[in-house]
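Undergrad: From the sequence below, what's the structure:
(one chain, ligands or ions: 2)
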Amino acid sequence: MTDLNGLAVYIETFGCQMNENDSERIAGLLAAAGARLADRPEESQVTIVNTCAVRAKSEEKLFSYLGRLRSLKKKTGLVVVLAGCVAQLRRDKILDRNPDVDFILGPDNYHRLPELLERRLGQPRVLTAWSKEWREDDRRHCLRRSPVSAFVTVMEGCDNFCAYCIVPFTRGREKFRPLRAVLDEVRTLAGEGYKEIQFLGQNVNSYRDPATGAVFRDLLTAADEIEGIEWIRFITSHPKNFNDDMAEAMARSSHVCRQIHLPLQSGSSAVLERMKRGYSRESYLEKIRGLRSLMPEICLSTDIIVGFPGETESEFSETLAALRDIRYANIFSFRYSPRPGTSAAKLTDDVPFEVKRRRLMEVQQTQKAIQTGIHEGFIGRTIRVLCQGKSKKDGRVYSGRSEGYQVVNFRSETDVIGRFVQVRITSSGPYSLRGELSGIP
Ligand code: 5AD
Ligand code: SF4
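TA: Ligands and ions are numbered 1, 2, ... in the order given. Below is the predicted model:
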């Protein structure tokens, strides 16, 4: 039995929700082995950096963070562990540039951490082996950041190889978690008082239970019956794999939120083809029409990349037109960034930086106007909100999410964290809604 004997560990997380959930699992694993979680690297003996490689910028952020840790290490002898996608991707090369990193662990190797830290093993320093099958660790030890909304990973990895994307190289091929284990975890969370779960996977729509062959809509339907879980969400769905059966399962369910993240990436069919996305603008729009005819109130969000190799001005304008047609409730937008080893990295990155910057600004301004309009339409309405916590700026202001995943801020005299409340919307901005508490059912 490993005993870390009060070892102070700090975990810094970069990147997506999958990384956040991995950090929660690492925290749980280490705490169960006797570690103590620190709030800052300065208070820790071991700092674990969970890294993201999706864009060059995320890697740059990491290297400047490592610079900060280097001076700390000189003073205190801090042990530095690099986990996650950059660890997997760069492996030994990190040690050339950052020799003071002590351990490098890819996403399939976190279960080795307690043992590594206990023995302070000098070797092996780099653990990036893949396991081909799902490794079910004991999720009872997952230390979640939120007491209200829980991430539940259902699959990991990706087989899609979109031309720009590093994920298949950092997370490997698709691996599916057993349905039984997923549902057990959801039941446990319901018992602990969680109200919302968010199923996670790089492409949840390709989920298949290894034992029974049950698909993602079966999982949703089964989770829908678990008492206590009021809201169910999932990220991310690949539009190519999102079909009518899924939309119908959502519409039939009582607890699956009328909200979906469906990354479009580009509004031009030609660019989508070069991106190897496996759908066209028309087939994407058809899916949105289908979803809206079944669930008129559904809120959509998306990811957009501008400046993919060869993107012309007229191809870019199709992206702006798609945003105006679809009217997403929220978007995440990025400048294309070539990633080593991907098929797009072989294309000339020919859209100048200034053009990418201007296109990104246009996307964001277009979307800002759309969101402002959508949010103004909420003024005067009373909506159901799940309170997630207090506002960072004002201790009397609480913050929650609507079913459509909009941020809603409101004042309350009593602590309503973890509860569903009714909020009458009184004002709005492009990124959030504000209102008055009108009821606590
Ligand atoms: N350049 C820019 N954006 C990227 N994304 C993924 N890879 C890249 C890249 N090389 C974006 C996509 C994806 C989101 C998670 O990050 O929009 O959906
Ligand atoms: Fe990357 Fe495409 Fe897989 Fe999403 S579906 S993780 S964008 S390769």
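Undergrad: what's the closest non-adjacent residue to Arg401?
TA: Leaving aside its sequence neighbours, Arg401 sits nearest to Leu386 (CB to CB, 6 or more residues apart in numbering; 5.8 Å). Where you see a C-beta, it was placed from the backbone N, CA and C, and this is true even at glycine.
Undergrad: same check, this time on Val167
TA: Cys158 (5.0 Å).
Undergrad: Next: Val126.
TA: Counting by CB to CB, 6+ apart, Val126 lies nearest to Ile104, which is 4.5 Å off, once chain neighbours are set aside.
Undergrad: Just the pLDDT for that neighbour.
TA: On the pLDDT scale, Ile104 is placed at 93.
Undergrad: in the sheet, who's paired with it?
TA: Going by DSSP bridges, Ile104 is paired in beta bridges with Leu82, Val126.
Undergrad: show me the contacts for it.
TA: By CB atoms under 8 Å, 6 or more residues apart in numbering, the contact list for Ile104 reads 81-82, 87, 91-92, 94-95, 125-128.
Undergrad: ranges for the helices of the stretch 1-150 of the chain?
TA: Applying DSSP state H, counting those that start in this stretch to the stretch 1-150 of the chain gives helices spanning 17-32, 56-76, 85-90, 92-97, 113-119.
Undergrad: Out of those, which gets nearest to Met246?
TA: helix 17-32 (19.8 Å; CB to CB).
Undergrad: right, is the closest one up against ligand 2?
TA: No. Helix 17-32 is not in contact with ligand 2 by CB under 6 Å from any ligand atom; minimum separation 9.7 Å.
Undergrad: Contact residues of the stretch 301-441 of the chain facing ligand 1?
TA: 303, 305, 334, 336-337, 339.
Undergrad: Taking those residues, please make a PyMOL selection of just the buried ones.
TA: Of these, the buried ones go into a single PyMOL selection, burial set by 16 or more other CB atoms under 10 Å:
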select buried, resi 305+334+336+337+339
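Undergrad: Contact partners for the closest residue to Leu69 other than its chain neighbours?
TA: Leaving aside its chain neighbours, Leu69 sits nearest to Val80 (5.4 Å; criterion: CB to CB, 6+ apart). Val80 is in contact with 46-47, 49, 66, 69, 73, 100-103, counting by CB under 8 Å, 6+ apart.
Undergrad: hmm, 10 Å instead?
TA: Going by CB atoms under 10 Å, 6 or more residues apart in numbering, Val80 touches 41, 46-49, 66, 69-70, 72-73, 98, 100-104.
Undergrad: Now for the residue in the stretch 201-350 of the chain positioned nearest to ligand 2: which residues touch it?
TA: Closest to ligand 2 within the stretch 201-350 of the chain is Gln202: 4.1 Å, counting by CB to the nearest ligand atom. Counting by CB under 10 Å, 6+ apart, Gln202 touches 16, 18, 155-160, 165, 167-168, 171, 174, 235-236, 238.
Undergrad: Before I go, just wanted to say thanks for your time.
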